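> Here is my input, please return the structure:
(chains A and B)
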Amino acid sequence: MLSANILVELRNAVGAEGLIVERNQLQTYECDGLAALRSVPAAVVLPRSAAQLQAVIRVCARHHIPFVGRGAGTGLSGGALPDDRGIVISFSRMTKFLATDIPNQRITVEAGVINAHVTQRVTPAGHFYAPDPSSQTVCTIGGNVAENSGGAHCLKYGFTVNHVLALEVVLPTGEMVHLGSPTLDAPGYDLAGVFVGSEGTLGAASSMTLRIVRRPETVQVLLAAFDSISAAGHAVSDIIAASILPAAMEIMDRLAIQAAEAAVHPHYPECDALLLVEVDGPAAEVDLHMKQVRELCRANGAWEDRLAQSEQERLLVWKGRKAAFAAAGRLSPDYIVQDGVIPRTKLPLVLEQVAEMAAATGLRVCNVFHAGDGNLHPLVLYDRSIPGQEEVAIDLSIRILHLCVDHGGSITGEHGVGREKQQALGYMYSEPDLDTMQRVRCSFDPDNISNPDKVFPRPRLCGEKTGKYSPHPLETAGVAEFF
Amino acid sequence: MQDMSGPLAAIVGTEYVRGLGGAVAVAPGNAEEIAAVLRLAQENHLAVVECGGGTKQGWGYPVAPALVLEMHRLNTLREHTWQDMTCTVEAGCTWAAMQSGLAQHGQFVAVDPLWPDKATVGGIVATNDSGTLRQRYGGLRDLVIGMTIVLADGTIAHTGGKVVKNVAGYDLHKLMIGAFGTLGVVTSVNFRLHSIPRCAQSFTVSATSVEPVGRVMLAMLHAQLSTVAIQLRGGADGFDLDIQLASLPEVLETQAGALGVLAQGEGIRLRAAADEAWNARQRQLDADVVCKGTMLPSEIARFAERVRGLGGESVTQAGGIMIAGFPVAAAGQLMELRRELEEGGGSLMVLKQPEETRLDCWGTLPDSLPLMREIKRRFDPERILNPGRFLGQI
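Purely as a prediction, here's the structure:
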């Protein structure tokens, strides 16, 4: 509960219509895309401008109130999970386009602008915004910045961090600063580079200048059907070895194909492994590269390889892929989406081990992954109504992440650590590594109010060398557990 | 000051400690030795300067070190997992040595820095150097995927990893790139690699006035061509635009034709670029006064003309990073040039100048400077690493 005084201060900051305190309305904000973890915030504020955002954070700084920013709430790691003593800052009213500069391929937007709207805005000028998380029709740029979001096409085009040039940020102390610059190589530390992907723990961005990319002349997408994931994986390695850098390379297994087919009917071939390869660029180059890609697929045993014949069909192919997570709901009442990364060449080996681990638990694991960059999205399917099965599923999904780290990879390629993978971060990095990160966090947020108790393995206060583990209120209440 | 040679020799061995002017030079052999040396330096409040090839030691405010940390013993390309297109290289390895190792599998780190034969991975990362390849591949912040660093208190930390896609924890390596060694000593770097283009061709278009070549350059940024590198050179004799295309041989011919048509639209003729065209940036560093300017791409032509008006020469990559050389006589005008660049969201850093000109090398301080100072305080509370070198005398 926030005191009446604090509520007055918040109301002064954003106006009465920008403050939510009624319990039933607050419940809308109790979780993000990781719906297993829930916590009702003490209040929600909806600023309309950078000045209002700053006023809100000043109130938080004055009274040590934890805050977390929220775009569309599509994050998959619990990054926007509220603190029950704190407030949620919703960016749904900060949706202005501030400047568009086509000659210099830059656009400046407020944090609440939806990812796909940026592309829509610059499409008439022949450009697009490259990072394309599967939730791009609803997720916001501010959330993308917090999570350093990727997407299928980041294989060629890079992640959010490669496309953010400058940020206007309200620090947890309430000061407003400008990180990066619209030009390259701003003198000073690359604070924009550190801020992107910091999952809301270093402050809240009000607006950002993004790089936009010229739309390629031609885009072709190939659907290649294989009898095994390992054969499809070899085709991917051969394509890369042939010096071809496709815009995207995705693999789906039989279960994932079935789910996508049931959900959006993308007319995928029925097979054990479907490889999607999208090649884009100048027309003549695309034709030749695609010819090579098809030859390499056939050499690795592809028994069907067809090109999407129209733009409509191409979009349908991607719609099926992007619907894969949600479609898993058609296979199983409950599922956990994971997000491990491994060196690409370890794909066949790791997938074999994942299959063995799954078989040992009796659970099914459905595989969708960004094969080009080794980013796995195993979906662990389970049924919560069967006693004990959820625990087994959670345990399996953590062991899969540990397996990725053991093979030289990472616990997250694009979903972030959030609340979900805090403990796993400690598996990936040593204490000195994490302490070094804490030096950065404490520089930005000495009072630990900006999305506290996220990312790092256990709550730690600035100045404290190694803190003792203290359970989160949610844990003690039995509402949630760290994993 | 007390003699540190004894305790240093105890860490690295007598043969790796020597006097160097008024300072002591020490050449550690690994990250653990660096950690021990830094702990000693911190206890004794010794100013430490890291040194690779020594090519850019003059950049930033001058530092008088008590200890010079020589990195040449950490010179190995430790891992090249070519199938995954990543590598791990020690900071004291020269850029050229690293690239020749990677080239055995037809790969490279897609950056073309200054003085690659002498400059080391660590120094290039510390100064965030980049060349014309940035057009296609991005800069170091887009290509470094992990690092090992040693902090002033001897903490050895790993950041990032060996996979290209990774959002676990903060990207501390981005903080180290361009930090001029003020936050920690980088001991090894993990890079994302690219395939060396098998077939590339370079062209040049020239004109006595900047407008037509400037327009061709801007059109190139939006053209459907496989462009790898673009730079605009300007000086007393006029302006040249160099363009490198890389694609399959049969595609290149068509694209060269399209490029020729584009140039013809401005009434200028396309010709094959001279071999030394791509070294033009490095040659600017021979001038008496040398600056790095940053600007939006649409401003490049205007500032190239402005530099020529001051009697200088410039080489600018199309992303908007200019290296300009001036005669000493132009020094008095450079603060006005800085003001103009900063007005457009850019900057001007003075990289090299004779002692008498005394230009401030970094420029107007950003509003994030207090935050930068706080980070420095938490990484290096005793201010032993390159003290005073960075902007704001950090």
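
> was I right about B:Leu114 contacting B:Thr55?
Yes - contact criterion CB atoms under 8 Å: B:Leu114 and B:Thr55 qualify, at 6.8 Å. Placement of C-beta: from N, CA and C, glycine included.

> Validate this expectation: A:Tyr122 resides in a strand.
Rather than Tyr, residue A:122 is Val. No - with DSSP: H, G, I helix; E, B strand; the rest coil as the criterion, A:Val122 is located in helix rather than a strand.

> What is the burial count for it?
A:Val122 has 23 neighbours, counted by other CB atoms under 10 Å in any protein chain shown.

> likewise B:Asp367?
When neighbours are counted by other CB under 10 Å, B:Asp367 comes out with 11.

> element containing the residue of chain B found nearest chain A?
Per CB to the nearest CB, B:Lys174 is where chain B lies closest to chain A, at 3.2 Å. Using DSSP states H and E, the element containing B:Lys174 is helix B:172-176.

> Equivalent analysis for B:Leu245, please.
Going by DSSP H and E, B:Leu245 is part of strand B:238-246.

> List the buried residues in that strand.
B:239-246 (16 or more other CB atoms under 10 Å in any protein chain shown).

> Spell out the residue ranges of the helices in the stretch 151-300 of chain A.
A:154-157, A:191-195, A:229-241, A:254-264, A:283-299 (DSSP state H, counting those that start in this stretch).

> wait, which of these is closest to A:Arg441?
helix A:191-195 (9.9 Å; CB to CB).

> next one: that closest one to chain centre, how far?
Here the centre of mass of C-alpha atoms in helix A:191-195, compared against the chain's by CA atoms, centre = their mean, to the nearest Å, lies 17 Å away.

> Would you convert the helices of the stretch 151-300 of chain A into CSV that also reports mean pLDDT and distance to B:Ile375?
Below are those laid out as CSV (pLDDT from 0 to 100; distance: least, CB to CB, whole Å):
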stretch, mean pLDDT, distance to B:Ile375
helix A:154-157, 93, 28
helix A:191-195, 98, 8
helix A:229-241, 92, 37
helix A:254-264, 91, 43
helix A:283-299, 96, 44
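
> Need those in JSON lines (columns: distance to B:Arg215 and mean neighbour count).
Formatted as JSON lines, the helices of the stretch 151-300 of chain A follow (distance: least, CB to CB, whole Å; neighbours: other CB atoms under 10 Å in any protein chain shown):
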{"stretch": "helix A:154-157", "distance to B:Arg215": "27", "mean neighbour count": "23"}
{"stretch": "helix A:191-195", "distance to B:Arg215": "31", "mean neighbour count": "25"}
{"stretch": "helix A:229-241", "distance to B:Arg215": "37", "mean neighbour count": "22"}
{"stretch": "helix A:254-264", "distance to B:Arg215": "46", "mean neighbour count": "20"}
{"stretch": "helix A:283-299", "distance to B:Arg215": "24", "mean neighbour count": "19"}
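
> got TSV for the ones you listed, with distance to chain B too?
As requested, the helices of the stretch 151-300 of chain A are exported to TSV (distance: least, CB to the nearest CB, whole Å):
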stretch	distance to chain B
helix A:154-157	7
helix A:191-195	3
helix A:229-241	6
helix A:254-264	19
helix A:283-299	5
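
> returning to what we had before: just checking, what packs against the helix holding B:Lys174?
helix A:191-195, helix A:431-444, strand B:144-150, strand B:156-160 (3 or more CB pairs under 8 Å, 6 or more residues apart in numbering or on different chains; DSSP states H and E).

> what is the orientation angle of the third one with strand B:156-160?
So that's strand B:144-150. 170 degrees (axes from the mean of the first three to the mean of the last three CA atoms, to 10 degrees).

> next structured bit after the strand holding B:Leu245?
Counting by DSSP H and E, the element after strand B:238-246 in chain order, helix or strand, is helix B:249-264.

> contacting residues around that following helix?
Helix B:249-264 is touched from outside by A:282, A:284-285, A:288, B:199-201, B:203, B:205, B:216, B:219-220, B:223, B:225-226, B:243, B:245-247, B:269-270, with contacts defined as CB atoms under 8 Å, 6 or more residues apart in numbering or on different chains.

> Are any of these buried, and if so which?
A:282, A:284-285, A:288, B:201, B:203, B:205, B:216, B:220, B:223, B:225-226, B:243, B:245-247, B:270.

> What segments of chain B are helices?
Here chain B has its helices, by DSSP state H, at B:5-12, B:31-43, B:95-103, B:121-127, B:134-137, B:140-143, B:172-176, B:210-222, B:249-264, B:280-284, B:300-309, B:334-343, B:369-379.

> Distance to B:Arg233 added to the ones you listed, as CSV?
Below are these laid out as CSV (distance: least, CB to CB, whole Å):
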stretch, distance to B:Arg233
helix B:5-12, 45
helix B:31-43, 40
helix B:95-103, 23
helix B:121-127, 22
helix B:134-137, 15
helix B:140-143, 23
helix B:172-176, 31
helix B:210-222, 9
helix B:249-264, 16
helix B:280-284, 5
helix B:300-309, 8
helix B:334-343, 18
helix B:369-379, 34
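
> right, so the ones you listed: which one is the most enclosed?
Ranked by mean neighbour count, the helices of chain B are led by helix B:121-127 with a mean of 27 (mean count of other CB atoms under 10 Å in any protein chain shown).

> quick one on the thing from earlier: can you tell me which of the buried residues of strand B:238-246 lies closest to A:Val138?
For these, the nearest to A:Val138 is B:Ala246 (38.2 Å; CB to CB).

> What sits closest to that closest one if chain neighbours are left out?
B:Pro197 (3.5 Å; CB to CB, 6 or more residues apart in numbering or on different chains).

> Kindly report the same for A:Met208.
Spatial nearest neighbour of A:Met208, excluding adjacent residues (CB to CB, 6+ apart): A:Leu167 at 4.9 Å.

> how close does the most centrally placed residue in chain A get to A:Ser207?
The centroid of chain A falls nearest to A:His415 when counting by CA atoms, centre = their mean (3.4 Å). Computed as CB to CB, to the nearest Å, the A:His415 to A:Ser207 distance reads 24 Å.

> swap in A:Arg254?
45 Å.

> cool, and A:Glu17?
For A:Glu17, the distance to A:Ser207 - CB to CB - is 22 Å.
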